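# test case, fold it:
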Amino acid sequence: MKLYHDYKRQFRVFLFFLGILAVIPVVFSSAQTVQELNDKISQKNTDINRLEEEIKKYQAEINSLGKQKDSLNNSLKQLDLTKKKLVADISVTENKIDKTNLKIKELSFNINDKESVISNNIKAISLDIRNIDELEQNSTLAIMLSKDNFTAVWNDINSMTVISDKIREATIELKNIKVGLEDTRRETTDAKNELVALKSELADQKKIVDQNTAEKNKLLKQKTANPAIKNY
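Numbers count the residues shown, from 1 in each chain. Got it, this is the predicted structure:
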């Protein structure tokens, strides 16, 4: 029967199409870019850890000076160390901002990949359903009465079961990907909120640096105006 032969050809095309999807995932197109982003994020983490170690050293020196006798020179040293610590704090925050931006980009790629996989799964499921509908339009009796080899006919009938299994597998995968997509979107929202908080923290840190600079300039003016206290 012509319709039956047409179905056989469509079924072979479908299996070939399904095989291509299995061998070459959609995510492959952005895998290299995501890896590059991960490498940059790792470098940012390394930079942050290094700066945080510097901050600890500055803080230890500041604490040590705080235990010494009060003097103008001591206050100036504390202000210098505090400024260095604040500059390092700012660098940490800037690196965290950069890292968060990179993370948002990575999440964006993940969202695009998941949406592409969802779209392809929907197309594959639709194709499966059309193939089953076309096969079911021919009654089993009509197929068995065709001139084709009896065993081959039953093998092709069993193909309906194969397609049905593929539909179930694709549907389950589709549900899982959609759940993952929602998780990724929530993670993106959290990252954007963190970015806003970091930018606010950065602005506050810069204000503190300005205050520190103003305080140091004030002490330097006092030292210049009254040389007698320069060593105290």
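# for the helix or strand hosting residue 112, packing partners?
According to DSSP states H and E, residue 112 maps onto helix 72-137. Contact analysis of helix 72-137 by 3 or more CB pairs under 8 Å, 6 or more residues apart in numbering; DSSP states H and E lists helix 2-23, helix 28-66, helix 150-225 as its packing neighbours. C-betas here are computed from N, CA, C, even on glycine.
# average pLDDT across it?
Across helix 72-137, pLDDT averages out at 82.
# how far off centre is that helix?
Centroid displacement of helix 72-137 relative to its chain, using CA atoms, centre = their mean, to the nearest Å, is 3 Å.
# now the angle between helix 150-225 and that helix, please.
Helix 72-137 runs at 170 degrees relative to helix 150-225, counting by axes from the mean of the first three to the mean of the last three CA atoms, to 10 degrees.
# state the distance from residue 58 to residue 91.
12 Å (CB to CB, to the nearest Å).
# residue 84 is in contact with residue 58, correct?
Yes - with contact defined as CB atoms under 8 Å, residue 58 reaches residue 84; the gap is 5.4 Å.
# quick one: which of the two has more around it?
Neighbour tally, residue 58 and residue 84, criterion other CB atoms under 10 Å: the higher count belongs to residue 58, 19 against 16.
# model confidence score at that one, please.
91.
# tell me the contacts of it?
Taking CB atoms under 8 Å, 6 or more residues apart in numbering, we find residue 58 in contact with 81-82, 84-85, 88.
# ok so, going back, indicate which one of the helices and strands packed on helix 72-137 is closest to residue 100.
Nearest of the helices and strands packed on helix 72-137 to residue 100, taken as CB to CB: helix 150-225 at 4.7 Å.
# tell me what that closest one is packed against?
Secondary elements touching helix 150-225 (3+ CB pairs under 8 Å, 6+ apart): helix 2-23, helix 72-137, helix 140-144.
# which of the helices and strands packed on helix 72-137 has the lowest average pLDDT?
Of all these, helix 2-23 has the smallest average pLDDT, which comes to a mean of 46.
# count of neighbours near the closest residue to residue 37 other than its chain neighbours?
Setting aside the residues directly before and after it, residue 37 is nearest to residue 106 in space (CB to CB, 6 or more residues apart in numbering), at 4.5 Å. Applying other CB under 10 Å, we find 23 residues neighbouring residue 106.
# right, and residue 106 touches residue 36 too?
No - using CB under 8 Å, residue 106 makes no contact with residue 36, being 9.6 Å away.
# got a list of what residue 60 touches?
With CB under 8 Å, 6+ apart, residue 60 has no contacts at all.
# one more time with 10 Å, if that's ok
Residue 60 makes contacts with residue 81, as judged by CB atoms under 10 Å, 6 or more residues apart in numbering.
# and the closest residue in space to residue 86 that isn't next to it in sequence, how far from residue 130?
Nearest residue to residue 86, sequence neighbours excluded (CB to CB, 6+ apart): residue 209, at 4.8 Å. Note on residue 209: its distance to residue 130, by CB to CB, is 66 Å.
# how close does the closest residue to residue 94 other than its chain neighbours get to residue 208?
Take residue 94 and drop its neighbours on the chain: the residue closest to it by CB to CB, 6+ apart is residue 202, 6.7 Å away. Going from residue 202 to residue 208 by CB to CB gives 11 Å.
# what is in contact with those two at once?
89-90.
# which one of those two has more residues nearby?
Each of residue 202 and residue 208 has its neighbours counted (other CB under 10 Å); residue 202 has more, 17 against 14.
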